[in-house]
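[1] Could you look at this predicted model? Sequence included:
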Amino acid sequence: MKQLSPPKWADKFLRWYCNPDLLEEIEGDIYEIFEREAAVDTQKARRRFIWNVLRFFRWANIKRTNSNYKASQMGLIKNYFTIGFRNLSKNWGISLINILGLSVAIGMGIAIFIFVDMQTHMDDFHSNRRNIYQLINHVKTENSTAMWADAPLLIGPDLVDKHAGVDNVVRVEFQYGNMRFGDNVFSELVSFVDPALLKVFDFPIKYGDVNALENKSYVVIDKNTAEKYFGREDAMGKDVSIKYSNGVIQNYTVGAVMDKTPDKASFSFEIMVPMDNFFDLQLEDHYDWAYSTDAIFIEMKEGRQPQELEETFRGFVALQNQTSSKWPIDKFEMVPLEKLALRSFEIDGSISGSGHPAGRIGLSVVASMLVLLACFNYMNISVTAATRRLKEIAMRKVIGGNRRQIIYQFILENMILCTFALGLGTVLSYYFFLPGLNTMIPITIPFEFSSLPMLIAFFGGLLLFIGLVSGAYPAFYVSKFQPTSIFRGNEKLGSKNVFSKILLGFQFFFAISTIIACFVFTDNAIYQAEKDWGYNPKGIISMPLVEASDFQALRDAANRNTAVLSYAGSNYHVARANKLTKADVLDKEVKTYAFHVGENYMETMGFRLKEGRFFGDSKAADQSGSIIVTEMFVEKAGWDDAIGQQVTYDSTRYTVVGVVENFMCNAFYDEMLPTVFTAAPEEDFNYFVVKTAAGNEKELDEYFASAWTGIAPNDPYNSKYQVDVFDYFFKENQGNIVVISFISGLAIVLACLGLFGLLGFSIQSRKKEFGIRKVLGADATQIIRIASKQYFWTILIAFLLGAPAGAFLITQMINAIYPDPKETTALPFILAMGIVLVTTAVTVASQVTKATSVNPVQTLRSE
Amino acid sequence: MVTMKGSYLGELEELILLTVGALFDEAYGVAVMDEIEKQTGRSMNVSAAHAVLRRLEEKGYVTSRMGGATNERGGRRKRYFTLTAVGKKALDESFAFRNELYKRIPKMAFNFSL
């Protein structure tokens, strides 16, 4: 009789997927149907059987987890945790410094990641950003083309009528103006904008609405400006006036107040007035294709591409080239708003302020290095720690553990530690590193990520990376040993591990090179800060003039005050307003700064005369043809005797009457240049300079501030102490020192932690050896030598390689930044060496005492 | 009506619940499927019967037990389902509800077709 059987594979499939608890009844029912139908039609029965098996393949019937298997697995994992925690608490000191080192590096990494993440996601709060482009010009210059943010003013909102794909056009024109409300007068950057700006961009508005700029007499100001002028009062509806550079005063009403600018804004506008007012101002005779405004934004309609405008743009290029022969445009490029901040460094005059990518890349590299260093450190200690657990591993293997389970165990333990470190690192970065970073850069970085997936990817990736990198090696390394050789005592590891020495060497290499770099950099920074300026800036205050009559008024005020030692007027002012120009000497052209000064200016500033004289009383004669030059000018001109030489500058011939010592005109990033002074008449003055005894500056400043309100109520009083003119430079220098010291400090601490851990383990495992040595008569110095010589060569080699590497890199950097770097001396090297030696010695000593204090009786007693 | 959450009785559920009640001690997957096909003429897959039966059991309307070894179906046991008190009550309420509505249909409606 023919055996009636269902298709075997279908039955197998059913058994494979079906929950064992349900298998009997389901299989039974399917078989029952099969048997019943097979009596009639075998083929049909078989088909039906397959169909039924497939129909039962549903979620409720599918075997999910094997409950028995799960229970045992859970037990194992629980056991891993227990052992992991026991190990942590057994070596709690080393675990703690391990976690600490790792978390500091992670914290740094997080802060820098957030910084870079924010920098690469600027301006993403504008909801239409995908359709907004800035029109960038490629302009032909003498030998290359440059990218300009400035674009022809005539490409205005009527482009919307010319091309169907364009939704809005917004032009931005910057002009300086003195804004006044009552007694509050400040010099401001005023933005003339097309009214659509508030609709195109999503800058938050506090009071008023997006239509505010439709009204020509309205001004829109931001929150800070509102507070500056109106304090706590409601700014809306207040009347203000703005005086522009051509003397025209326009009156406006505050029509809207912007809310706090989002941190991610790479550009924003403090004071906005409708574009029409700009044309009313008549700053230029005519606005044709040659006039470029500061920025043009084009918003495309949804789904329209910027390439559609190419034809239209070609027409504009032709028009512009006809009118402006000086700066002919090559082509236009539509730069998407999303890319604007990233590309702003290559666009001249970009309104989107964002740093050069070099800073971001440098920071990322340093952060990755630190995290990697911490990983090495951690890895080194884990390997050494793991080699002390060989018996445990052998035991596990003997009672049936396979290699994979041992790898899991080690990686899990690492993950526990890394999770701790990650948590601690996040806290450190939130409370410490990110606020620290914020104090050093002009923008504020909030502790947030650009998106949730980014956050998950970053933290998940970091945990996985650190956990695996630091855990994988020890896990794979120690898990491969055979139990027999471990029990027999053949596997002696850790003490002579080349790999761990390389890692340690690398850590010390990094630490030593950064420390050397730090000291050389700081040494140079101190040198720059203490450098003689070439004159005495103490007690000098300068203030810009607006009207020609301001000078007489200030002179009268100065004459009334006995604290004033001397005063002078000038056209341009040293360090505050330098005029860069060229002067001709015979056949040579000398690049030089030029200042046109009034009577007493040279004396007031305290320039040191080397030869000849300052401008005398014979003003009329001096104004027509005398010039004073610096020593450097003499050098560049190649004169032996400077007095009486001829200089042609600004198509006037001058005769040199005096030579002064070189002095600092510019911050120390820029090369020192020659400087010339000519005499100027009062009506040319745009600065008033006054000198008082050091210490009286504040009092005198207040005196002139109150005098100024009577003299020029429409213009701001904008004084500056001469000692503060390079403040920005010193602040930046200070910031750099803090960053570099912090990084090098961290590197040496991490390296010493690594050494500390390694030595600790090695001494502990050699206690018996030290015990025997002591019994046989070794003294403390011998023991110290034996215990510490193991890593002596590693550190020495690291030092020999690291010191020149660090010195080379930092000198390159310093030479690139400062035109006048300090000669590298031995002092920073000696200091750095001293620090490394002391920290290393302290680390070694703290461990080696364990070796010397070994009591042979105790270590040798137990076996 | 039983108004517990998730206690709503679907049409197929009600039909199968009734069948389980009617088959009394002989209600298992294939039997339920056959009975429904016989009574209503609608064919259903045995897996659907299983799914509904398990759902009814989760809701507490039926209970189940494994039967003894059998001669057919390769000796595999059957899972028998029986109506519970709650299940009976749900059927009663459903029936009463339908009956109530039925009674409220005006006599006119019946006469209409005449």
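    All right, it came through fine.

[2] got the buried residues for stretch A:558-568?
    Going by neighbour count (16 or more other Cβ atoms under 10 Å in any protein chain shown), the buried part of stretch A:558-568 is A:Ala558, A:Asn561, A:Val564, A:Leu565, A:Ser566, A:Tyr567, A:Ala568. Bear in mind the C-beta positions are built from the backbone N, C-alpha and C, glycine included.

[3] which residues touch the fifth one?
    Yep, that's A:Ser566 we're talking about. For A:Ser566, the contact set (Cβ atoms under 8 Å, 6 or more residues apart in numbering or on different chains) comprises A:Asn600, A:Glu603, A:Thr604, A:Val690, A:Lys691.

[4] returning to that earlier point: closest one of the buried residues of stretch A:558-568 to chain B?
    The shortest approach to chain B among the buried residues of stretch A:558-568 belongs to A:Asn561, at 88.4 Å (Cβ to the nearest Cβ).

[5] Give me the nearest residue to that closest one, chain neighbours excluded.
    Using Cβ to Cβ, 6 or more residues apart in numbering or on different chains and skipping residues adjacent in sequence, the residue nearest A:Asn561 is A:Tyr703, 5.8 Å away.

[6] and if you look at A:Gln528?
    In space, A:Gln528 is closest to A:Phe668, 5.0 Å off (Cβ to Cβ, 6+ apart).

[7] So which bits of chain A are right by chain B?
    Proximity of chain A to chain B, by Cβ under 8 Å from any Cβ of the partner chain, involves residues A:24-33, A:35, A:51-52, A:55-56, A:58, A:60-61.

[8] Derive a ChimeraX selection command for the buried subset of these.
    With 16+ other Cβ under 10 Å as the criterion, this ChimeraX line picks the buried residues out of the residues of chain A next to chain B:
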select /A:24,25,26,27,28,29,30,31,32,33,35,52,55,56,61
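
[9] Neighbours of the closest residue to chain A within chain B, how many?
    Using Cβ to the nearest Cβ, the closest approach of chain B to chain A is made by B:Arg76 at 3.4 Å. Neighbour count for B:Arg76, taken as other Cβ atoms under 10 Å in any protein chain shown: 19.

[10] Could you report the pLDDT at the closest residue to it other than its chain neighbours?
    Once flanking residues are discounted, B:Arg76 sits nearest to A:Gly28: 3.4 Å by Cβ to Cβ, 6+ apart. The model reports A:Gly28 with a pLDDT of 89.

[11] and A:Gly28, what does it touch?
    Listed by Cβ under 8 Å, 6+ apart, the contact partners of A:Gly28 are B:Thr70, B:Arg73, B:Gly74, B:Arg76, B:Arg77, B:Lys78.

[12] And stretch A:535-543, what's buried?
    Buried-residue list, stretch A:535-543, by 16+ other Cβ under 10 Å: A:Tyr535, A:Asn536, A:Pro537, A:Gly539, A:Ile540, A:Ile541, A:Ser542, A:Met543.

[13] Just give me the neighbour total for the nearest residue to A:Ala568 once chain neighbours are set aside.
    Among residues not flanking A:Ala568 along the chain, A:Tyr601 sits closest, at 3.8 Å (Cβ to Cβ, 6+ apart). Neighbourhood size, A:Tyr601 [other Cβ under 10 Å]: 27.

[14] follow-up on the earlier one: quick one, which of the contacts of A:Ser566 are buried?
    With neighbours counted using 16+ other Cβ under 10 Å, the contacts of A:Ser566 contain these buried positions: A:Asn600, A:Thr604, A:Val690, A:Lys691.

[15] Return the subset of the residues you listed lying in strands.
    Among the buried ones among the contacts of A:Ser566, DSSP state E puts A:Val690, A:Lys691 in strands.

[16] among the buried ones among the contacts of A:Ser566, which two are most distant?
    Using Cβ to Cβ, the buried ones among the contacts of A:Ser566 reach their maximum pairwise distance at A:Asn600 and A:Val690, which is 10.4 Å.

[17] Let me know the pLDDT of A:Ala295.
    90.

[18] Likewise for A:Arg488?
    72.

[19] Just give me the neighbour total for it.
    A:Arg488, neighbours per other Cβ under 10 Å, totals 10.

[20] do the same with B:Tyr8
    By the criterion of other Cβ under 10 Å, B:Tyr8 has 12 neighbours.

[21] Name the residues of chain B found near chain A, please.
    So chain B meets chain A at B:28-30, B:45-48, B:50-51, B:54, B:66, B:70, B:72-74, B:76-79 (Cβ under 8 Å from any Cβ).

[22] rerun that using 10 Å as the cut-off
    For chain B, the residues found near chain A under the criterion Cβ under 10 Å from any Cβ of the partner chain are B:28-34, B:45-51, B:53-55, B:64, B:66-67, B:70, B:72-80.

[23] Which ones among those map onto strands?
    B:Ser64, B:Met66, B:Arg79, B:Tyr80.

[24] Need the residues you listed in TSV (columns: distance to A:Ala803 and neighbour count).
    Shown next, in TSV, are these (distance: Cβ to Cβ, whole Å; neighbours: other Cβ atoms under 10 Å in any protein chain shown):
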residue	distance to A:Ala803	neighbour count
B:Ser64	81	18
B:Met66	81	12
B:Arg79	81	21
B:Tyr80	87	21
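
[25] May I see the residues you listed organised as TSV, with pLDDT added?
    Listed next are these as TSV, based on pLDDT from 0 to 100:
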residue	pLDDT
B:Ser64	91
B:Met66	89
B:Arg79	91
B:Tyr80	93
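
[26] Find me the pLDDT at A:Leu283, would you?
    In this model, A:Leu283 carries a pLDDT of 81.

[27] wait, is it part of a strand?
    No: counting by DSSP: H, G, I helix; E, B strand; the rest coil, A:Leu283 is not part of a strand but coil.

[28] That one reaches A:Thr293, doesn't it?
    No: using Cβ atoms under 10 Å, A:Leu283 is not in contact with A:Thr293; the gap is 11.7 Å.

[29] Comparing those two, which residue is more hemmed in?
    Taking other Cβ under 10 Å, A:Leu283 and A:Thr293 do not tie; A:Thr293 has more neighbours (22 against 15).

[30] Let me see the contact set for the more buried one.
    A:149-156, A:171-174, A:192-193, A:275, A:278, A:287 (Cβ atoms under 10 Å, 6 or more residues apart in numbering or on different chains).
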